[in-house]
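**Student:** okay, structure incoming, though there's no sequence with it:
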């Protein structure tokens, strides 16, 4: 591997930890960022920082939610103080099995096929 200054090598190593990013891609991204204006790179750094400080995973639905500034980052207080950001007022009940899905399909309740009567 070629010698890079310490900040460049650190960024290459950090980018390699991302899924799907190998050594060549990490180097390409690093040198791309070096060529970009400072305000664009700062905007990316700010977005990454805000992602980790202001977004949480919901413990009920595992969706991402925005944490307003000033709220505690502890798990218990985050669960009780972060408002639900989902568009639905009440969540749908979970479907656990194929039988549950067939009973509540869009076409109505599940129907059993009628047995053919012998011709008489």
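**Tutor:** Received, thanks. No experiment lies behind these values; they were computed from the predicted model shown. Numbering: from 1, shown residues only.
**Student:** surely residue 57 touches residue 67?
**Tutor:** No: in this structure residue 57 lies outside contact range of residue 67 using C-beta atoms under 8 Å: 10.5 Å. Where you see a C-beta, it was placed from the backbone N, CA and C, and this is true even at glycine.
**Student:** can you name the next helix or strand after the lengthiest helix in the chain?
**Tutor:** Ordering each helix of the chain by length in residues (DSSP state H) puts helix 38-54 first. Note on helix 38-54: by DSSP states H and E, the next helix or strand toward the C-terminus is strand 55-57.
**Student:** buried stuff in that next one?
**Tutor:** For strand 55-57, a neighbour-count test (16 or more other C-beta atoms under 10 Å) marks residue 56 as buried.
**Student:** try stretch 8-20
**Tutor:** Quick answer for stretch 8-20 (16+ other C-beta under 10 Å): 8, 11-12, 15.
**Student:** average pLDDT for it?
**Tutor:** Average pLDDT, stretch 8-20: 96.
**Student:** separation between residue 63 and residue 57?
**Tutor:** 7 Å (C-beta to C-beta, to the nearest Å).
**Student:** can you check residue 42 too?
**Tutor:** Per C-beta to C-beta, residue 42 is found 27 Å from residue 57.
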